[in-house]
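Chemist: structure, please.
(one chain, ligands or ions: 2)
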Amino acid sequence: MKTIKLQAENPQDIARAGEILRKGGLVGIPTETVYGLAADALNGEAVKKIFQAKGRPMDNPLIVHISHIEQLQDLVAEIPESARELARRWWPGPLTMIFPKSARIPDEVSAGLPTVAVRFPAHPAARAVIDAAGTPLAAPSGNRSGRPSPTTAAHMLVDMDGRIDAIVDGGPCQVGVESTVITLATDPPRLLRPGGITLEQLREALGRVDMDEAVLNPLKEGEKAASPGMKYKHYAPKAHVIIVDGPYEAYCRFVNRHKGPGVAAMCYNGDEKALEVPAVCYGGREDYAEQARELFDALRELDEMGAQTVFARCPEPRGVGLAVYNRLIRAAGFEVLHIGE
Ligand code: TXA
Ligand code: MG
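Modeler: Ligands and ions are numbered 1, 2, ... in the order given. Below is the predicted model:
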């Protein structure tokens, strides 16, 4: 299959993307978080193709994307007051809410669960494509299953060229990590995946919000995941990533002591000056938003360098940094080394 390259600023290209989606095809779309792989959410056969193109296990449900708040009521069985409050504050934006689903949601989308995840993205091109398709779009991140999520059209093409009908290039993503996922189908609501809207902000809006165990910890053998995506190996570059948790000087000493062929560092801006191995920076030490924006690019760049062992500086699990930490510990297969002074 030849993947057609479309431009977000060209109205004819947006119309073309809409037409492909209406006919049951697959289109890569930009969003403010990461690029997504979209299909008509109400067409089970079209949605199946997403799983094939990604190599995604069929038991991992998809997020349904809308471009107008009025589309929500058809997709869900009920809209709790807490959801209305969150929608008022953060929709359109990088927040996904889980609701009891309506009968309109095909089983392929919800992977057999009684719930559905819905997001109203802020990116104008994402909304334009949904409008052009005239239907809500199911869209997981546009990477092959297990790989880092794409934050540019070029990154998505590395994984998907020839496997999808078209891609809309809308430039680099602003947030850089996937949306925050919160379920309102439990009481109290529970954070399943941290993202651009922080746990602190959600608690400010709703009072009590629990954090799912799987945000910070690997699932135990045989344990059932509240969010099925959490149980799979994720965001992994080809290199073996090890997170090194410790103060700056200790981190640099540790990395330099382990220098050798194929060894690289993934560090904060400026850290590289003290390092004797090739380094990729992923943002300023206290700039969590910048870290989020650069994280997946950094992981892909390490692959391009041919890195085999990567010592990554441990992100602070606070604010948007919690999302960075959550992705990086998965990229590292939960391997964290704690080092002292
Ligand atoms: O920012 C984003 O959310 C991006 C862009 C494209 O919108 N999409 C995205 O989709 O990250 P995906 O499929 O890569 O991640 C969706 C996550 C998975 O961990 C999945 O298991 C979870 O949301 N999820 C989806 N529906 C769910 C449901 N009904 N209950 C629990 N978890 C659900
Ligand atoms: Mg994903």
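
Chemist: the closest residue to ligand 1 within the stretch 201-341 of the chain: how many residues sit nearby?
Modeler: The minimum distance from the stretch 201-341 of the chain to ligand 1, using CB to the nearest ligand atom, falls at Gly229 (2.0 Å). Quick note: C-beta positions are derived from backbone N, CA and C, even for glycine. Around Gly229 there are 24 other residues, counting by other CB atoms under 10 Å.

Chemist: now do the buried residues in stretch 132-139.
Modeler: In terms of neighbour count (16 or more other CB atoms under 10 Å), stretch 132-139 has its buried residues at Ala132, Ala133, Thr135, Pro136, Leu137, Ala138, Ala139.

Chemist: now for the residues you listed: which two are most distant?
Modeler: Ala132 and Ala138 (15.9 Å; CB to CB).

Chemist: assess the claim that Val168 and Leu21 are in contact.
Modeler: No: here Val168 lies out of contact with Leu21, judged by CB atoms under 8 Å, at a distance of 10.6 Å.

Chemist: between those two, which contacts overlap?
Modeler: Both Val168 and Leu21 are in contact with Val27, Val129, where contact means CB atoms under 8 Å, 6 or more residues apart in numbering.

Chemist: from the chain's centroid, how far away is the lengthiest helix in the chain?
Modeler: For the chain, the helix with the greatest residue count under DSSP state H is helix 288-305. Computed by CA atoms, centre = their mean, to the nearest Å, the chain-centroid distance of helix 288-305 equals 13 Å.

Chemist: kindly report the same for stretch 293-307.
Modeler: Mean-position distance between stretch 293-307 and its chain equals 16 Å (CA atoms, centre = their mean).

Chemist: for stretch 250-258, same thing?
Modeler: Centroid separation between stretch 250-258 and its chain, computed with CA atoms, centre = their mean, is 31 Å.

Chemist: residues contacting Glu213?
Modeler: With contact taken as CB under 8 Å, 6+ apart, Glu213 is in contact with Leu219.

Chemist: please apply the same query to Val244.
Modeler: Contacts of Val244 by CB under 8 Å, 6+ apart are Tyr251, Phe254, Val255, Phe311, Ala312, Arg313, Cys314, Val336, Leu337, Ile339.

Chemist: can I assume Val47 is in contact with Asp40?
Modeler: Yes: with contacts counted by CB under 8 Å, Val47 reaches Asp40, the gap being 7.5 Å.

Chemist: between those two, which contacts overlap?
Modeler: By the contact definition CB under 8 Å, 6+ apart, Val47 and Asp40 are jointly contacted by Ala138.

Chemist: how about the residues of the stretch 1-150 of the chain that lie near ligand 1?
Modeler: Residues of the stretch 1-150 of the chain lying close to ligand 1 (CB under 6 Å from any ligand atom) are 31, 33-34, 36, 60-63, 96, 98, 110, 113, 115-117, 119, 121, 139-141.

Chemist: show me those residues that map onto helices.
Modeler: Ser110.

Chemist: in PyMOL, select just the buried ones from the residues of the stretch 1-150 of the chain next to ligand 1.
Modeler: Buried residues among those (16+ other CB under 10 Å), as a PyMOL selection:
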select buried, resi 31+33+34+36+60+61+62+63+96+98+110+113+115+116+117+119+121+139+140+141
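
Chemist: give the contact list for Gly229.
Modeler: Here Gly229 is in contact with Asn60, Arg193 (CB under 8 Å, 6+ apart).

Chemist: assign the spatially most central residue of the chain to helix, strand or coil.
Modeler: The chain has Glu178 as the residue nearest its centroid, 2.6 Å off, counting by CA atoms, centre = their mean. The three-state label given to Glu178 by DSSP: H, G, I helix; E, B strand; the rest coil is coil.

Chemist: on the pLDDT front, check it for me.
Modeler: pLDDT recorded at Glu178 is 98.

Chemist: what are the phi and psi angles of it?
Modeler: Phi and psi for Glu178, reported as degrees, to the nearest 10, are phi -70, psi 160.

Chemist: equivalent analysis for the one 4 residues further on, please.
Modeler: When read as degrees, to the nearest 10, the backbone of Ile182 gives phi -130, psi 140.

Chemist: end to end, how far does stretch 182-194 reach?
Modeler: One end of stretch 182-194 to the other measures 8 Å (CA to CA, to the nearest Å).

Chemist: swap in stretch 81-99?
Modeler: End-to-end distance for stretch 81-99, by CA to CA: 12 Å.

Chemist: would you mind pulling the contact partners of it?
Modeler: For stretch 81-99, contacts defined as CB under 8 Å, 6+ apart pick out 32-33, 63, 69, 72, 75-80, 115-122, 127, 175, 178-185, 189, 192-193, 195-197, 201-202, 205-206.

Chemist: rerun at 6 Å
Modeler: For stretch 81-99, the surrounding residues in contact (CB atoms under 6 Å, 6 or more residues apart in numbering) are 32-33, 63, 76, 115-122, 175, 179-185, 195-197, 205-206.

Chemist: only whichever of the residues you listed are buried, select them in PyMOL.
Modeler: Here is the PyMOL command that selects the buried residues among these (16+ other CB under 10 Å):
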select buried, resi 32+33+63+76+115+116+117+118+119+120+121+122+175+179+180+181+182+183+184+185+195+196+197+206
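
Chemist: now intersect the contacts of stretch 81-99 with the strands, please.
Modeler: Among these, DSSP state E puts Ile63, Thr115, Val116, Ala117, Val118, Arg119, Thr180, Val181, Ile182, Thr183 in strands.

Chemist: if anything else comes up later, I'll come back, but that's it for now.
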